[in-house]
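Participant: Below is the sequence, then the predicted model.
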Amino acid sequence: DGTAIAFGGCLIKDSKAKSLGNLGDADTEHYAASARAFGAAFPKASMIVMSHSAPDSRAAITHTARMADKLR
C-alpha cells in the first residue's frame, strides 16, 4: 500500500513508553539529537518498527526525543 517503514531498533521507543529503558551504554547527552536525526533521515516513513514494542507512527520518534530531552 506504499507504507514506508523505518527500523528504529532500541533507539526509538513507542509513543506510549514511560521511559527510555536501560541507558547503561547510552550517550544520554546526544540521545535526543540522535532520535531527531533518525526522523530526519527517514522523512517518508509512516511506520516505525522498534525492538521491544509493536510498530507505531512517527509519534514514536517525537515522543522518544521529548523523553530524551529530559536527560540533559
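Facilitator: Structure received. Numbering: from 1, shown residues only.
Participant: Which helix or strand contains the most centrally placed residue in the chain?
Facilitator: Nearest residue to the geometric centre of the chain (CA atoms, centre = their mean): residue 12, 2.2 Å. Here residue 12 is covered by no helix or strand, with elements defined by DSSP states H and E.
Participant: quick one, phi psi at it?
Facilitator: Backbone torsions of residue 12, given as degrees, to the nearest 10, read phi -100, psi 130.
Participant: show me what contacts it?
Facilitator: Contacts for residue 12 (CB atoms under 8 Å, 6 or more residues apart in numbering) come out as 35, 38, 48, 50, 60-61, 64. Where C-beta positions appear, they are placed from N, C-alpha and C, glycine not excepted.
Participant: same deal with residue 62?
Facilitator: Residue 62 neighbours (CB under 8 Å, 6+ apart): 15, 39.
Participant: Report the secondary structure state of it.
Facilitator: Following DSSP: H, G, I helix; E, B strand; the rest coil, the label given to residue 62 is helix.
Participant: Where do the strands of this protein begin and end?
Facilitator: Using DSSP state E, the strands of the chain run over 5-9, 47-50.
Participant: Let me know which of those strands is tucked in deepest.
Facilitator: strand 47-50 (a mean of 19; mean count of other CB atoms under 10 Å).
Participant: Give me the distance between it and the centre of its chain.
Facilitator: How far strand 47-50 lies from its chain's middle: 8 Å, per CA atoms, centre = their mean, to the nearest Å.
Participant: Pull it out as CSV, backbone CA atoms only.
Facilitator: This file holds the C-alpha atoms of strand 47-50, laid out as CSV (Å, rounded to 0.1, in the frame of the first residue of the first chain):
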residue,chain,number,x,y,z
MET,A,47,5.5,3.2,10.3
ILE,A,48,8.3,2.9,12.8
VAL,A,49,9.4,-0.5,14.0
MET,A,50,11.1,-0.8,17.4
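Participant: While we're on residue 15, how confident is the model there?
Facilitator: Note on residue 15: pLDDT of 97.
Participant: my guess is it meets residue 56, correct?
Facilitator: Yes. Between residue 15 and residue 56 there is a contact under CB atoms under 8 Å: 5.3 Å.
Participant: more crowded one of these two?
Facilitator: Remark: of residue 15 and residue 56, residue 56 carries more neighbours, 21 against 16, as counted by other CB atoms under 10 Å.
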